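>>> Sequence and predicted structure below; questions after.
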Amino acid sequence: MGKCYERIDGRIRTFIEDQPVFFTATAPLARDGHVNVSPKGRAGTLVVIDDLTLAYLDFGGSGAETIAHLRENGRITLMWCAFSGPPKVLRVHGRGEPVFRDDPRWAGYLAYFEDADGPGARAVVVVHAERVSDACGFAVPFMDYREERTQHAEHFGRKSDEEFAAYCAKKDHVGVSLDGLPALPLPLPARTD
């Protein structure tokens with residue numbers, strides 16, 4: 001039986017912090033717009049800031065649908081599944097905001113991520129929880145976590161900030177979403193940290 005929680009603390013926080021992967025879901029306001037679901041995973045790139053606030057690093061390598069949707073309407077859902085241990089699906093519904101590289105808050109948010117930051121970081125997505133709930137997860141399969149993939153960090157680790165900005169500028173659906181919404185500011189702002 002599912003349950004709602006007033007805050008992200010105790011075993012809920014531990015569950016979030018123990019999962020190697022989570023998913024984000026966003027959508028534009030337009031009825032015919034593209035709904036977006038994205039897997040996220042690199043170790044250390046998600047933090048619970050307080051009982052109702054989470055943040056994760058948004059990296060280059062894909063489009064910017066999540067950022068575009070957040071800029072338009074702020075709606076976001078984060079979801080975690082227990083692929084090992086007792087079954088559980090946990091969702092945080094909330095309001096999200098991208099904090100870009102030239103925002104005065106950028107350096108303060110980066111401090112939460114310690115060694116997970118890298119040259120491919122485009123934004124920090126801050127999520128203010130409005131509803132925290134779980135479900136049974138009985139249909140989620142058992143899956144074994146083996147190890148982190150290193151290709152993403154290695155690939156962007158070889159790029160200078162200028163090379164990364166050029167990469168973002170030429171990639172489809174980074175400055176503008178699939179539905180034509182403003183996404184990542186281009187040219188990519190220089191880092192303020």
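Cool, got the structure. This one's a predicted model, so the numbers in the text were calculated from it and none came from an experiment.
>>> Would you double-check that residue 92 falls in a strand?
Yes. Under DSSP: H, G, I helix; E, B strand; the rest coil, residue 92 falls within a strand.
>>> right, and it touches residue 56 too?
No. Because the distance of 11.4 Å does not satisfy Cβ atoms under 8 Å, residue 92 is recorded as not touching residue 56. (Glycine included, C-beta is placed from N, CA and C.)
>>> pLDDT score assigned to the nearest residue to residue 164 once chain neighbours are set aside?
Take residue 164 and drop its neighbours on the chain: the residue closest to it by Cβ to Cβ, 6 or more residues apart in numbering is residue 119, 5.5 Å away. On pLDDT, residue 119 comes in at 78.
>>> same check, this time on residue 192
78.
>>> can you tell me how far it sits from residue 41?
26 Å (Cβ to Cβ, to the nearest Å).
>>> Which residues lie in contact with the closest residue to residue 121 other than its chain neighbours in this structure?
Nearest non-adjacent residue to residue 121, counting by Cβ to Cβ, 6+ apart: residue 57, 5.2 Å away. Residue 57 makes contacts with 42, 45, 46, 113, 116, 117, 121, 123, 124, 125, as judged by Cβ atoms under 8 Å, 6 or more residues apart in numbering.
>>> Residue 79 too?
22, 23, 24, 25, 89, 90, 91, 92.
>>> What strand or helix carries it?
Element membership for residue 79, per DSSP states H and E: strand 75-81.
>>> Parallel or antiparallel, which strands does that strand pair with?
strand 22-26 (antiparallel), strand 89-100 (antiparallel) (DSSP bridges).
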